[in-house]
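>>> Just to be clear, the model below is a prediction. Sequence and coordinates:
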Amino acid sequence: MFTDYFLAKKRLYPQLAKGRFRRLKNYLNFIFLSIYSFSSLLRYNRGDSVTNQAIMIDIPNSKAYFFFIEIWPQEVYYLAAILIIMAVTLFFVTSLFGRIWCGYACFQTVWTDIFIAVERFFQGDRNQRIILDRKNNFNKFFRKFLTHLIWIIIGIFTGIVFCSYFSDSWQLWQNIFSLNVSITILGWVAGIGFMTYLMAGFAREHVCTYMCPYARFQSAMFDNNTLVVSYDAKRGEPRAKYHQGDSFDKRGHCIDCKQCVVVCPTGIDIRNGLQMECIACGLCIDACDEIMHKVGLPKGLIRYDTLNHLSDPWQFKKFKIWQFRTFYYLAILIIVSSLTLYSLATKSEVDLSVFQERNPLYVKLSDGSIRNAYYLKITNKTHQKKFFKLRINNSDLAMLKVANNEENLLEVNSESSFQYKFFVTLPAENLSDSEQKIIELEVDDGNEKKYLSLIFIGN
Ligand code: SF4
Ligand code: SF4
């Protein structure tokens, strides 16, 4: 039934798993959170007239900075290229290793993990939390209060760090400690903080299951050679309860203890096969390995494996990195990354554009010569003021004059754009064989000469 999809699910109480994947998640959480929290504090010297924050999105000036890379509003295609590179990298990793992005690196997973750790710290592990929720006493409300207080503090911290990527981070922290923050910053901190509290504190696995679009289409990137968290049904079934001293002859190795289910942050039973809800975090592997160790059986009843290897371990390798899809994802990645890097490395620090005055298209002067007017827009992306000299390159007869400027020397401040009007005049006899002429304009900033073509209209 369609409505079944929206039925309220039971509240989950994930138990703490102990093992190598839990440790790996802890290390990665620490690394990712440190990167997120401290990257905005890094400095990069770009000169005196511009921010020295290494990573920053400067909304008032419509610019983005990433160390030596500066992206101007007219270069927004770089952001599109970066998004394509990130998407293809994600597809590439998913096709090989399944949903490990979700299990180890996604913001939702990392923050939910921290919120569950806080919950566990104040309210205990799974069984204690279940018992606590059944009661209504001071102890419960006090522990819940402390949990929510720390969640709110983490949410506010997340909001402040988020804002630090959009303004000077050191100044922002100073303003926060001196309680001197604008309403805009307060609004963003409150908004991001509230969303963090809501998503990591309450929505949790529902985000991965119902809200995240990636969960919906990631299976399109899977095939039988993708490494996924798998239960070895051939070895585990038929499952049966175990009592100390029981023999494992004529039965499977799964003792139906459900430890793999209670540690699962999305509350699924991996023994039912690969499911959309599985975020490949590997915690069920840790739980099952611990059980296997206790009953004296080899680890790996649940493991990262490919469907091919599970079905026929003798014929297929456990992991095969070089496949056709590896090459085409890599090829796209290398081509897009190389083009983007080349374009960034060779991008001009001065942008020029010229357009002609349309009304009137040309003016006939009293001596019979023809004059056209143009507008030259110069964008100086460097951090120094620049001067530009204009000259006509392909005609000795054409006269160039910049409006209100005797020397035809144009000045443009650092990191700014300026538009100048200029005139080109040609003797009428020079246009006798044609109504239009191509004039080449030379723009020289002292280091580099650039050329623009002008269409001269007359007669
Ligand atoms: S089934 Fe295992 S790997 Fe998948 S989400 Fe649950 S604990 Fe993580
Ligand atoms: S943890 Fe292992 S043994 Fe226990 S139910 Fe899950 S698969 Fe079976």
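In hand now; what should we look at? Ligands and ions are numbered 1, 2, ... in the order given.
>>> buried residues in the helix or strand bottoming out on mean pLDDT in the chain?
Averaged element by element with mean pLDDT, DSSP states H and E, the chain has its least confident helix or strand at helix 213-217 (a mean of 79). Of the residues in helix 213-217, residue 215 count as buried by neighbour count, 16 or more other Cβ atoms under 10 Å. All C-beta spots, glycine's among them, are computed from the backbone N, C-alpha and C.
>>> contacts for the helix or strand following that helix?
Sequence order places strand 228-231 as the next helix or strand after helix 213-217, per DSSP states H and E. Contact with strand 228-231 is made by 98-99, 222, 254, 260, 270-271, 273-274, 278, 280-282, 284-285, 301-307, 310, as judged by Cβ atoms under 8 Å, 6 or more residues apart in numbering.
>>> Let me know whether strand 228-231 sits next to ligand 1.
Yes - residues of strand 228-231 are located near ligand 1 by Cβ under 6 Å from any ligand atom, namely residue 229.
>>> The contacts of strand 228-231: which ones sit near ligand 1?
Near ligand 1, by the rule Cβ under 6 Å from any ligand atom, you find 270, 278, 280, 281, 282, 284 out of those.
>>> Out of those residues, which comes closest to residue 153?
residue 281 (25.4 Å; Cβ to Cβ).
>>> what's the average pLDDT for the helix or strand that contains residue 34?
Assigned by DSSP H and E, residue 34 belongs to helix 20-38. Throughout helix 20-38, pLDDT has a mean value of 95.
>>> ok so, going back, quick check, the least confident helix or strand of the chain touching ligand 1?
No - Helix 213-217 lies out of reach of ligand 1 by Cβ under 6 Å from any ligand atom, never closer than 11.2 Å.
>>> And the contacts of strand 228-231, which of them are buried?
98-99, 222, 254, 260, 270-271, 274, 278, 280-282, 284-285, 301-307, 310.
>>> Kindly list the main-chain dihedrals of residue 378?
The phi/psi pair for residue 378 (degrees, to the nearest 10) reads phi -120, psi 130.
>>> Ok, residue 387 next?
Dihedral angles for residue 387 - degrees, to the nearest 10 - are phi -120, psi 140.
>>> contacts for stretch 125-144?
Residues contacting stretch 125-144 (Cβ under 8 Å, 6+ apart): 11, 13, 14, 15, 16, 119, 120, 122, 123, 124, 262.
>>> What about those residues, which one has the most neighbours?
In terms of neighbours by other Cβ atoms under 10 Å, the contacts of stretch 125-144 top out with residue 14 at 23 neighbours.
>>> so what's it up against?
116, 126, 262, 263, 264, 265, 267, 283.
>>> Quick check: the fifth one touching residue 283?
Right, the one you point to is residue 264. Yes - checked against Cβ atoms under 8 Å, the pair residue 264 and residue 283 is within contact range at 6.5 Å.
>>> Assumed residue 438 was part of a strand.
Yes - assigned with DSSP: H, G, I helix; E, B strand; the rest coil, residue 438 falls within a strand.
>>> The top helix by length along the chain versus helix 20-38: what angle between them?
The longest helix of the chain (DSSP state H) is helix 138-164. Going by axes from the mean of the first three to the mean of the last three Cα atoms, to 10 degrees, helix 138-164 is angled at 50 degrees with respect to helix 20-38.
>>> what's the offset of helix 138-164 from the middle of its chain?
The gap between where helix 138-164 is centred and where its chain is centred comes out at 25 Å by Cα atoms, centre = their mean, to the nearest Å.
>>> now, which of the contacts of residue 14 sits nearest ligand 1?
residue 264 (3.2 Å; Cβ to the nearest ligand atom).
>>> Starting from residue 203, give me the distance back to the closest one.
Separation of residue 264 from residue 203 (Cβ to Cβ, to the nearest Å): 17 Å.
>>> do the same with residue 331
In terms of Cβ to Cβ, residue 331 sits 38 Å off from residue 203.
>>> picking that back up, quick one: which two of the contacts of stretch 125-144 are the most distant?
122 and 262 (19.7 Å).
>>> circling back to that earlier point, and the next helix or strand past the helix holding residue 34?
strand 55-58.
>>> what sits against the nearest residue to residue 430 once chain neighbours are set aside?
In this structure, residue 430 finds its nearest non-sequential neighbour in residue 397, 5.3 Å apart by Cβ to Cβ, 6 or more residues apart in numbering. Neighbouring residues of residue 397 by Cβ under 8 Å, 6+ apart: 426, 427, 430.
>>> Quick check: which of those are also close to ligand 2?
Of the contacts of residue 397, not one also sits near ligand 2 (Cβ under 6 Å from any ligand atom).
>>> Now intersect those residues with the strands, please.
Using DSSP state E, residue 426 are the members of the contacts of residue 397 that sit in strands.
>>> Check the contacts of residue 397 for the minimum pLDDT and say which it is.
residue 430 (72).
>>> Is residue 10 within a helix or a strand, and which one?
Here residue 10, judged by DSSP H and E, is contained in no helix and no strand.
>>> Revised request: answer the last question for residue 86.
For residue 86, the element it lies in under DSSP H and E is helix 77-97.
>>> What lies in contact with that helix?
Contacts to helix 77-97, defined as Cβ under 8 Å, 6+ apart, come from residues 64, 69, 71, 100-101, 214, 218, 221-223, 226-227, 280, 304, 321, 325-326, 329-330, 332-333, 336-337, 339-340, 343-344.
>>> tally of neighbours for whichever residue of the stretch 101-250 of the chain sits closest to ligand 1?
Relative to ligand 1, the nearest point of the stretch 101-250 of the chain is residue 229 (4.0 Å; Cβ to the nearest ligand atom). The tally of other residues near residue 229 (other Cβ under 10 Å) stands at 26.
>>> Could you do residue 47 as well?
As a burial measure, residue 47 scores 11 neighbours (other Cβ under 10 Å).
>>> mind pulling up the phi and psi values for the nearest residue to it once chain neighbours are set aside?
Leaving aside its chain neighbours, residue 47 sits nearest to residue 383 (3.8 Å; criterion: Cβ to Cβ, 6+ apart). Residue 383 has phi and psi values of phi -100, psi 20 when expressed as degrees, to the nearest 10.
>>> cool, and residue 176?
Torsion angles, degrees, to the nearest 10, at residue 176: phi -70, psi -40.
>>> do the same with residue 305
phi -160, psi 170.
>>> Tell me what it is bridged to.
Beta bridges link residue 305 to residue 228, judged by DSSP bridges.
>>> so who does it touch?
Contacts of residue 305 by Cβ under 8 Å, 6+ apart are 227, 228, 230, 232, 318.
>>> try 7 Å this time
227, 230, 318 (Cβ atoms under 7 Å, 6 or more residues apart in numbering).
>>> And residue 66, its phi and psi?
According to degrees, to the nearest 10, residue 66 has phi -140, psi 100.
>>> How many neighbouring residues does it have?
Residue 66: 15 neighbours (other Cβ under 10 Å).
>>> can you count the residues close to the nearest residue to residue 402 once chain neighbours are set aside?
Excluding its sequence neighbours, the residue lying closest to residue 402 (Cβ to Cβ, 6+ apart) is residue 422, at 4.4 Å. Other residues within reach of residue 422, judged by other Cβ under 10 Å, total 20.
>>> Just the CA coordinates for the one helix or strand residue 422 maps to, please, in CSV.
Counting by DSSP H and E, the element that carries residue 422 is strand 416-426. These are the backbone C-alpha positions of strand 416-426, laid out as CSV (Å, rounded to 0.1, in the frame of the first residue of the first chain):
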residue,chain,number,x,y,z
SER,A,416,37.2,46.1,-10.0
SER,A,417,35.6,46.8,-13.3
PHE,A,418,35.4,50.0,-15.2
GLN,A,419,33.8,51.0,-18.4
TYR,A,420,35.3,53.7,-20.8
LYS,A,421,33.7,55.2,-23.9
PHE,A,422,36.0,55.8,-26.8
PHE,A,423,35.7,56.9,-30.5
VAL,A,424,37.3,55.7,-33.7
THR,A,425,37.3,58.0,-36.7
LEU,A,426,38.1,57.1,-40.3
